[in-house]
Structure formats: structure tokens, C-alpha cells
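>>> how does the following fold in three dimensions:
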Amino acid sequence: MKSAIIASLIAGAAAFAPAQTGKATTSLSAFENELGAQPPLGFFDPLGLLDDADQERFDRLRYVEIKHGRICQLAFLGQIVTRAGIHLSGNIDYAGNSFDSFPNGWAAISGPDAIPGAGLGQIVAFIGALELGVMKDVTGENEFVGDFRNGALDFGWDTFDEETKLSKRAIELNNGRAAMMGILGLMMHEQLGGSIPIVGEM
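This next block holds a predicted model:
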């Protein structure tokens with residue numbers, strides 16, 4: 001009986017002993033010096049999406065990150081502006097419903113007072129048209145992934161030196177990353193209810 005108790009104590013204590021591991025091998029990622037690998041995290045890929053990835057895979061993921069960042073920046077700004085009471089003037093439809101007669105945030109597309117299904121369909125169709133025909137490199141003149149100027153829009157980009165261009169691209173990446181977290185937080189708070197400073201009543 002005593003030996004069974006001692007054996008179970010030893011087995012229980014073994015659970016808290018450090019695990020024996022082989023030598024850990026570390027290899028530097030080929031993408032650790034890419035734009036976006038910035039302090040304080042540096043190169044951050046906790047899910048291993050870039051393990052054994054080539055440049056094409058990295059460019060695809062960067063394109064998606066930039067696109068989602070841009071969308072989230074617009075979404076976050078839209079939340080702040082509409083919750084501040086700023087809406088388009090006039091009516092949204094021929095029935096006389098004004099833009100400010102619909103609720104803010106998620107409730108505008110899902111809920112009892114949401115915009116009609118035909119209006120939501122128009123929004124989705126507009127976004128699809130932008131995605132398929134406008135928001136891409138049509139002419140093949142892009143300097144980097146996410147460059148959608150297509151030889152038409154410039155806003156002085158060509159007047160910047162390389163250091164300034166890299167800085168502005170890094171700022172866009174960081175703002176997009178922050179906006180992704182920001183809009184996710186606003187959507188969560190909207191479901192929880194309550195009030196948030198600056199944004200107001202959810």
C-alpha cells in the first residue's frame with residue numbers, strides 16, 4: 001500500500017518537472033526585415049502563416065492586411081462620425097426615410113430598424129464593383145503591394161524620397177492594424193451596450 005502511495009506521489013510530482021526537450025533550432029525568417037516588422041514586436045507571426053512561405057505568399061498576405069486595414073480605418077471613422085450625429089443630408093430612399101432615421105453601427109444592417117434588404121444589396125454590389133474593378137492594380141504600374149494609383153491618382157507620392165515613402169507606408173500599416181483592433185472593440189462594445197468616451201452611447 002505504501003509503495004502505491006509513493007508511486008502516485010512521484011507520478012504527481014513528475015507533472016511539475018520541466019519537460020525534457022531536444023535542442024531548439026531557430027532560423028531567422030526571410031521576412032524579418034520587411035516593412036511592418038517594427039518595434040516593439042518586430043517580426044510577429046504567432047500563427048506561423050509565413051513558415052516556409054515564398055515571396056508570393058508574403059505579398060498576398062500583405063495585400064490582404066493592407067486591404068483590411070483600409071476598410072477598418074473607414075469603418076472606425078464611420079462609427080465615430082455617425083455616433084457624433086453627423087449624417088448625410090436628405091433622404092436615403094423615395095419613401096422619405098432620412099439617413100439619420102436609421103440606427104448607427106451593426107444595428108443599421110441587422111435589426112428591426114435596419115435599412116431594407118434592397119439597400120443592403122446595393123451596398124454589397126457597390127463594394128463588389130470596387131473590389132473587382134477599382135481597388136486593384138489595373139495598369140501594372142504599382143510600386144508595391146497595395147499601390148492602386150493606376151497611373152491616375154498620385155497626391156504628390158512621386159515627389160517623396162524613398163525614406164519618406166517607406167515611413168508613410170509603415171504609418172498606413174500601423175494605422176490599419178490599430179483600426180482592425182479598434183473596430184473589433186467597437187463591435188464588441190456595441191453588443192455589450194453601455195457608453196464609451198468619445199464614441200458615446202452604444
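>>> so what's the residue count around residue 81?
The number of residues packed around residue 81, counting by other CB atoms under 10 Å, is 12. (Glycine included, C-beta is placed from N, CA and C.)
>>> find me the pLDDT at it, would you?
You'll see residue 81 listed with a pLDDT of 92.
>>> got the phi/psi numbers for residue 195?
For residue 195, the backbone dihedrals are phi -130, psi 140 (criterion: degrees, to the nearest 10).
>>> leaving out chain neighbours, which residue sits closest to it?
Spatial nearest neighbour of residue 195, chain neighbours left out: residue 201 (5.0 Å); criterion: CB to CB, 6 or more residues apart in numbering.
>>> thought residue 189 was touching the one you found, still the case?
No: with contacts counted by CB atoms under 8 Å, residue 201 stays clear of residue 189, the gap being 10.5 Å.
>>> distance check, residue 51 against residue 199.
38 Å (CB to CB, to the nearest Å).
>>> likewise for residue 149?
Distance, residue 149 to residue 199, by CB to CB: 33 Å.
>>> more neighbours, those two?
Just comparing residue 149 and residue 199: by other CB under 10 Å the higher neighbour count belongs to residue 199, 18 against 15.
>>> leaving out chain neighbours, which residue sits closest to the more buried one?
residue 83 (5.3 Å).
>>> quick check on the spatially most central residue of the chain: phi, psi?
In the chain, the C-alpha nearest the mean C-alpha coordinate belongs to residue 180, at 3.5 Å (CA atoms, centre = their mean). For residue 180, the backbone dihedrals are phi -60, psi -40 (criterion: degrees, to the nearest 10).
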